[in-house]
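1. Sharing a model prediction with you, sequence too.
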Amino acid sequence: MNTLTDSASRISAIGVLARMGYAARALVYLVVGSLAILTAVGLGGETTDSRGAVREIAEQPFGKVLLILLVLGLLGYVIWRATQALTDSDDHGTSAKGLGVRAGLLISAGTHAALALFTVKLIWSGSDDSSGQPTWLSSDAGLWFLAAVGVGMAIAGIAHMVKGWKVGYQKFMRLPPSQVVWMQPLCRFGLVARGAVLILIGAILARSAIVAHSSDVKGIADALHALRDTAYGAWLLGVVAAGLVAFGCYSLLEAIYRRIDDE
């Protein structure tokens, strides 16, 4: 009986952490997408990335409280992503594809851990303590590493677009049948838009490392800037920005309806 009780407690904790994590990710993307929409329609604001979203949250009323909640959510997301990768809770398996997906989950845990650390520093000191890139990234090996990261991000972007287009997320979600008519298009649009941004970031990063020999790490803000500077840039930026907001909504739906296997 005690074993069952302990197991139920552990399972419940994992579920709570996962849902906190999806909610935290939703908040970040809703801020990033909303700011980009304001830029696209000429109402102020500027394109930004996840760190810029954290800074924006810090400037709101009760900003420090919001940041503390965000850190808790991000830590929950890190634990959940690591759990998914290491225990294969979603049954991706040990094929080349499955191991690739699980490696991506582990990388996601690492990037969100970095964002959580950034947020803690902002809470603690009131400064983001922005520093330059490590010097080793400027070496030939570092540039090739960044190029490989760029290729990996582009592949992840393609996977996002396929997942959205084929509605592959449904096997991990318990969407209410009565709400699928609007939830499904929202989820698809969000996943396809985020995939497009990841592909663009990957292309910028790989080109920067291989062609320009630059170690400046690119992110969402750079991708949105690149869209804005193209022909029909405002329209493209607006569509992608709306997609990022949709991805934020998708993340929020995951916080509510995502199937946590251990449950």
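-> Received, thanks.

2. what does the model give T119 for pLDDT?
-> Note for T119: predicted pLDDT of 94.

3. That one: how many residues sit nearby?
-> As a burial measure, T119 scores 26 neighbours (other Cβ atoms under 10 Å). Where C-beta positions appear, they are placed from N, C-alpha and C, glycine not excepted.

4. you'd agree it is up against L74?
-> Yes - the pair formed by T119 and L74 meets the contact definition of Cβ atoms under 8 Å, at 6.8 Å.

5. Stretch 161-173: which residues count as buried?
-> Of the residues in stretch 161-173, M161, K163, G164, Y169, M173 count as buried by neighbour count, 16 or more other Cβ atoms under 10 Å.

6. likewise stretch 182-202?
-> 183, 186-202.

7. can you check stretch 232-245 too?
-> Buried, per 16+ other Cβ under 10 Å, within stretch 232-245: L236, L237, G238, V239, V240, A241, A242, G243, L244, V245.

8. measure the second one to A196 for me?
-> This points to L237. Remark: distance between L237 and A196 (Cβ to Cβ, to the nearest Å) = 12 Å.

9. now the helices: where do they sit in the stretch 151-263 of the chain?
-> 180-210, 220-228, 233-257 (DSSP state H, counting those that start in this stretch).

10. Packing partners of the last one?
-> Spelled out, it's helix 233-257. helix 2-40, helix 180-210, helix 220-228 (3 or more Cβ pairs under 8 Å, 6 or more residues apart in numbering; DSSP states H and E).

11. Over to the shortest one?
-> Packed against helix 220-228 by the contact rule (3+ Cβ pairs under 8 Å, 6+ apart) you find helix 2-40, helix 180-210, helix 233-257.

12. do the longest one as well
-> With contacts taken as 3+ Cβ pairs under 8 Å, 6+ apart, helix 180-210 sits against helix 140-165, helix 220-228, helix 233-257.

13. Of the ones you listed, which is nearest L27?
-> helix 233-257 (7.4 Å; Cβ to Cβ).

14. Of all the buried residues of stretch 232-245, the one with the weakest confidence?
-> L236 (86).

15. just to revisit the earlier point, including distance to L143, could the helices of the stretch 151-263 of the chain go into CSV?
-> Output for these, formatted as CSV (distance: least, Cβ to Cβ, whole Å):
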stretch, distance to L143
helix 180-210, 4
helix 220-228, 17
helix 233-257, 28
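
16. E59: which of the buried residues of stretch 161-173 is nearest?
-> G164 (32.1 Å).

17. Tell me the confidence at the nearest residue to that closest one once chain neighbours are set aside?
-> Nearest-residue entry for G164: L191, 2.9 Å, with adjacent residues in sequence omitted and distances by Cβ to Cβ, 6 or more residues apart in numbering. Per-residue pLDDT puts L191 at 95.

18. Who are the contact partners of L191?
-> L191 sits next to H160, M161, K163, G164, Y169, F247, Y250 when contact means Cβ atoms under 8 Å, 6 or more residues apart in numbering.

19. circling back to that earlier point, looking at the buried residues of stretch 161-173, which one is closest to G93?
-> K163 (16.7 Å).

20. Next, find the distance separating that closest one from M173.
-> Relative to M173, and taking Cβ to Cβ, K163 is found at 11 Å.

21. and A109, which of the helices and strands packed on helix 180-210 is closest to it?
-> Closest approach to A109 among the helices and strands packed on helix 180-210 (Cβ to Cβ): helix 140-165, 14.0 Å.
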